[in-house]
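Enquirer: fold the following for me, if possible:
(2 chains, ligands or ions: 2)
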Amino acid sequence: MSSTALLDKSDPPAAGAPPEDRKPRRNFTPWVLLLPGLLWLILFFLVPILTSVSASVQTGNFDDGFKLTWHWANYVDAVKPYWRQYLHSGIFSVATTVLCLALGYPVAYFIAFKGGKWKSLLMALVIVPSFTSFLIRTIAWKTILADNGFVVRILNDLYILKITSKLGITVGTHVLASPGAVVCGMVYNFLPFMILPLYTSLEKIDPRLLEAGNDLYCGTFQTWRRITLPLSMPGVIGGTLLTFIPAIGDYINAQLLGNANTGVVGQSIENLFLRKTDGYPVGSAMSVIMMVGTLVLVMMYIRKAGTEDLI
Amino acid sequence: MGSTDVLGRTEGGDLRLVGLTKRFGAFTAVDNLDLTIPQGSFFALLGASGCGKTTTLRMVSGLEDPTAGQIFLGDQDVTDAKPYRRPVNTVFQNYALFPHLDIFENVAFGLRRRGFKSVKPQVEAMLELVELGHLAKRKPTQLSGGQQQRIALARALINEPQVLLLDEPLGALDLKLRRQMQIELKRIQTEVGLTFVHVTHDQEEAMTMADTIAVMNHGRIEQLGSPAELYENPATTFVANFLGQSNLIPGTVETSTDDVVTVSAHGRKLTLDAKRCRSVSGKVILGVRPEKVQLAVSEADVPSGFNALGGTVSDASFIGVSTQYLVKLPSGQEISVFEQNTGRAIQRPGTEVFVYWDPSQGFGLDGSQDIGAGAALDEEGAA
Ligand SMILES: Nc1ncnc2c1ncn2[C@@H]1O[C@H](COP(=O)(O)OP(=O)(O)OP(=O)(O)O)[C@@H](O)[C@H]1O
Ligand SMILES: [Mg+2]
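Expert: Residues are numbered from 1 along each chain as shown, chains lettered A, B, ... in the order given. Ligands and ions are numbered 1, 2, ... in the order given. The predicted structure is shown next:
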């Protein structure tokens, strides 16, 4: 070392050479580590999407096989007869997201700020029902909302169903087989996805910030409006996305709790795939439309939420 | 100054705490506190960790409800007023700046909540006052600790509160920045003329900044007074030990007149100024600050009329500006001596010496107290 230090002038090229030697090897390792993940993504994400997109412009049927004919008219067939289903999917998922936020925010707020030593237990209670199968929980709602159940009886006694059936939320004196029942089931099923991120962001808020707000002329509501709400926005955004994205694709609730007039896109796709021999291409086109549509909506939402306070 | 125009406040009044008490369950954090803090003064609340300083401030700001007692601002009873209705603002120990707002909006927060339409001139003037105008667009996390502290100060000050509460605002800063901020705070207080109640457990900080210091111990005020008063005439052993260092010598009163009290201690007669003596009969504790004590090699060198005690140097540490000696008396007690560096030779450990001091520089305390109270609780030991 000491001898090379004396050879000041010949040092730089000598020092520059070894790193050039090492470079390829240093870049190789990350690729190896990435490989399993990349393969997984290609196999189970990229290939299915490309298959769907390609299937959406094919023609044919199960007996003769499908051919790639660039039949873009499939997209017209995927929209025109099904506009009601798109509308239902949109309304149900937006209503579900809004209701989940309205119900989930107070719950998350209460657990985060007033839960004290019960916090973990209360959060566990929020999550535990999800350990049961989605399907079984949805079927359970059939019992809860059954015509001879106490829920419907009370709602009838209070004349609430009269009002809601006028508004088109329920049908007659029943709750089951109505848009209202579908949204009930969806809200119930997706509520934990709303509460979890909300709780996480609310729980992180330093209570001393709220005291500072109190000290600076904010009453309870203003403290919430000016400090708690802005600081919990990441939770609101996360929760609404985690609720909205699965909700817009969901069709189990519509299937089990809805009626003939509450069809959603998922149900139509299922019908096209499983019950029609030549439905494959149009079904694929509907999937692509839903995927792209959701992606665009979510991107717009994130952009709006990311740049401004959204409130 | 321009800033006094922005904040100029003439009405108002003293902050008065009457019988203020706070209990947490069976534990009494603040015990029957009576305190008057004059308007426009820089008041320091000094005490060891856990003695109830923060609790007192939180009751004044309204963030904590007192168990008993009242709080007055001028002649207005604010005991039950909500925190957001009190003309009191707090600079929090941890700053508590709003992370989602930039510096400008943090400072403007209070004015906006009170419905001020144009806040720009005030905010800019305030940022100028704390010399951080150039950082208005940053977020709190992009500031250094010292800058955050100044913003926390600006955010509270801009509201022109009648009383500004500062809860160990300098606690997180390093020594150099702390000294700098102490000077800054004092300057700002003088400029705006508001009442500052400054909580600290750093005695040096309290002494350099405050007009009046209250020393708190176990939820009670031990003593109240100007820094010099507290230092020269501590009322209790706690104050004597907590505020600087003291040599405390237990003794018994022999005779006492209106002027002089004679105490026998360590087999010698020591005299005290009667005016600086809290107890003039029975057991007393005689106190003297280390820098008031001098060393002599023989008793002949002790000026007449001075108190003197013989002993052996047990430790000598040269600090530069001074030499700190420990002199062991035959009884085993050690007397601490700070001798200014005047070029005199340093006495080596083992040397027989006499410690002596001017009787007018000593103070007398009630002998029934714990002589070591507050001794271990200096600045850093408090944490
Ligand atoms: N919410 C509470 N519940 C129970 N005890 C409390 C509570 N708040 C404070 N205390 C107790 O009251 C006492 C005084 O606390 P306080 O925070 O006023 O101390 P402090 O003087 O500010 O101390 P430090 O210098 O460490 O900040 C402490 O012993 C503390 O443990
Ligand atoms: Mg404190």
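Enquirer: where in the stretch 201-350 of chain B is pLDDT low?
Expert: Along the stretch 201-350 of chain B, no part satisfies pLDDT under 70.
Enquirer: which residue does the stretch 51-200 of chain A have closest to ligand 1?
Expert: Relative to ligand 1, the nearest point of the stretch 51-200 of chain A is A:Gly116 (12.5 Å; CB to the nearest ligand atom). Any C-beta I mention is one placed from the backbone N, CA and C, and that applies to glycine too.
Enquirer: just checking, next helix/strand downstream of the longest helix along chain B?
Expert: Longest helix of chain B, by residue count under DSSP state H: helix B:175-192. Where DSSP states H and E defines the elements, the next helix or strand beyond helix B:175-192 is strand B:195-200.
Enquirer: list the strands paired with that next one, with their directions.
Expert: Partner strands and pairing direction for strand B:195-200 (DSSP bridges) are strand B:42-47 (parallel), strand B:163-167 (parallel).
Enquirer: just how off-centre is whichever helix or strand comes after it within its chain?
Expert: Note on strand B:195-200: by DSSP H and E, the next helix or strand toward the C-terminus is helix B:203-209. Centroid displacement of helix B:203-209 relative to its chain, using CA atoms, centre = their mean, to the nearest Å, is 5 Å.
Enquirer: got the CA coordinates for helix B:203-209 in CSV?
Expert: What follows is helix B:203-209 as a C-alpha-only set of coordinates in CSV (Å, rounded to 0.1, in the frame of the first residue of the first chain):
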residue,chain,number,x,y,z
GLN,B,203,-31.5,25.9,36.9
GLU,B,204,-29.0,27.8,34.8
GLU,B,205,-31.6,28.5,32.2
ALA,B,206,-34.1,29.7,34.8
MET,B,207,-31.5,32.0,36.3
THR,B,208,-30.3,33.6,33.1
MET,B,209,-33.8,34.2,31.7
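Enquirer: now for that helix, which elements pack on it?
Expert: Applying 3 or more CB pairs under 8 Å, 6 or more residues apart in numbering or on different chains; DSSP states H and E, one finds that helix B:203-209 contacts strand B:42-47, helix B:175-192, strand B:195-200, helix B:227-232.
Enquirer: repeat that with 10 Å
Expert: strand B:42-47, helix B:175-192, strand B:195-200, strand B:212-217, helix B:227-232 (3 or more CB pairs under 10 Å, 6 or more residues apart in numbering or on different chains; DSSP states H and E).
Enquirer: B:Pro83 versus the closest residue to B:Asn159 other than its chain neighbours, what's the distance?
Expert: Once flanking residues are discounted, B:Asn159 sits nearest to B:Gly110: 4.2 Å by CB to CB, 6 or more residues apart in numbering or on different chains. Distance from B:Gly110 to B:Pro83, counting by CB to CB, to the nearest Å: 12 Å.
Enquirer: also B:Gln223?
Expert: Relative to B:Pro83, and taking CB to CB, B:Gln223 is found at 30 Å.
Enquirer: returning to that earlier point: kindly export the longest helix of chain B (C-alpha atoms) in CSV.
Expert: Presented in CSV, the C-alpha positions along helix B:175-192 are these (Å, rounded to 0.1, in the frame of the first residue of the first chain):
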residue,chain,number,x,y,z
LEU,B,175,-26.1,23.1,24.7
LYS,B,176,-24.9,25.7,22.2
LEU,B,177,-28.2,26.1,20.5
ARG,B,178,-29.9,26.2,23.9
ARG,B,179,-27.8,29.1,25.0
GLN,B,180,-28.5,30.9,21.7
MET,B,181,-32.2,30.3,22.0
GLN,B,182,-32.3,31.4,25.6
ILE,B,183,-30.9,34.8,24.6
GLU,B,184,-33.4,34.9,21.7
LEU,B,185,-36.4,34.1,23.8
LYS,B,186,-35.4,36.7,26.3
ARG,B,187,-35.0,39.2,23.5
ILE,B,188,-38.5,38.4,22.1
GLN,B,189,-40.1,38.6,25.5
THR,B,190,-38.6,42.0,26.1
GLU,B,191,-39.7,43.1,22.6
VAL,B,192,-43.3,41.9,22.8
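Enquirer: now check that helix, is it near chain A?
Expert: No. Helix B:175-192 stays clear of chain A (CB under 10 Å from any CB of the partner chain), getting no nearer than 17.7 Å.
Enquirer: report all helices and strands that that helix contacts.
Expert: Using 3+ CB pairs under 10 Å, 6+ apart, helix B:175-192 sits against helix B:2-7, strand B:42-47, helix B:120-129, helix B:145-157, strand B:163-167, strand B:195-200, helix B:203-209.
Enquirer: need the ones you listed in a markdown table (columns: distance to ligand 1 and mean neighbour count).
Expert: Shown next, in a markdown table, are the helices and strands packed on helix B:175-192 (distance: least, CB to the nearest ligand atom, whole Å; neighbours: other CB atoms under 10 Å in any protein chain shown):
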| stretch | distance to ligand 1 | mean neighbour count |
| --- | --- | --- |
| helix B:2-7 | 28 | 14 |
| strand B:42-47 | 6 | 26 |
| helix B:120-129 | 27 | 18 |
| helix B:145-157 | 16 | 23 |
| strand B:163-167 | 7 | 24 |
| strand B:195-200 | 7 | 25 |
| helix B:203-209 | 12 | 20 |
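Enquirer: out of the ones you listed, which is closest to A:Val151?
Expert: Closest to A:Val151 of the helices and strands packed on helix B:175-192, according to CB to CB: helix B:145-157, at 51.1 Å.
Enquirer: related to what we said a few turns ago, and the helices and strands packed on helix B:203-209 as a markdown table, adding distance to A:Val282?
Expert: Output for these, formatted as a markdown table (distance: least, CB to CB, whole Å):
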| stretch | distance to A:Val282 |
| --- | --- |
| strand B:42-47 | 78 |
| helix B:175-192 | 71 |
| strand B:195-200 | 73 |
| strand B:212-217 | 80 |
| helix B:227-232 | 88 |
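Enquirer: shared neighbours of B:Gly110 and B:Pro83, anything?
Expert: Residues touching both B:Gly110 and B:Pro83 by CB atoms under 10 Å, 6 or more residues apart in numbering or on different chains: A:Gly213, A:Asp215, A:Leu216, A:Tyr217, A:Cys218, B:Asn89.
Enquirer: can you lay out these as a markdown table showing neighbour count?
Expert: Formatted as a markdown table, these follow (neighbours: other CB atoms under 10 Å in any protein chain shown):
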| residue | neighbour count |
| --- | --- |
| A:Gly213 | 26 |
| A:Asp215 | 27 |
| A:Leu216 | 28 |
| A:Tyr217 | 22 |
| A:Cys218 | 21 |
| B:Asn89 | 26 |
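Enquirer: show me which of the residues you listed is closest to ligand 1.
Expert: Using CB to the nearest ligand atom, those come closest to ligand 1 at A:Asp215, 16.4 Å.
Enquirer: may I have the phi/psi pair for the closest one?
Expert: Dihedral angles of A:Asp215 (phi, psi; degrees, to the nearest 10) stand at phi -70, psi -30.
Enquirer: for it, what are its contacts?
Expert: Contacts of A:Asp215 (CB under 10 Å, 6+ apart): B:58, B:61-63, B:83-84, B:86, B:88-92, B:96, B:110, B:155-156, B:159, B:161, B:165.
Enquirer: quick check on these: which are buried?
Expert: Buried by 16 or more other CB atoms under 10 Å in any protein chain shown: B:58, B:61-63, B:83-84, B:86, B:88-92, B:96, B:110, B:155-156, B:159, B:161, B:165, out of the contacts of A:Asp215.
Enquirer: now the residue nearest the centre of chain A: how far from chain B?
Expert: Centroid-nearest residue in chain A: A:Ile245, 2.6 Å away (criterion: CA atoms, centre = their mean). A:Ile245 sits at a distance of 26 Å from chain B (criterion: CB to the nearest CB, to the nearest Å).
Enquirer: quick one: what helix or strand has residue 263 in it?
Expert: Picking chain A for this. Here A:Gly263 is assigned to no helix or strand, by DSSP H and E.
Enquirer: oops, chain B please
Expert: Counting by DSSP H and E, B:Val263 is part of strand B:260-265.
Enquirer: who in the stretch 101-250 of chain A is up against chain B?
Expert: So the stretch 101-250 of chain A meets chain B at A:205-220, A:222-223, A:226-227, A:229-231, A:233 (CB under 10 Å from any CB).
Enquirer: thank you, goodbye.
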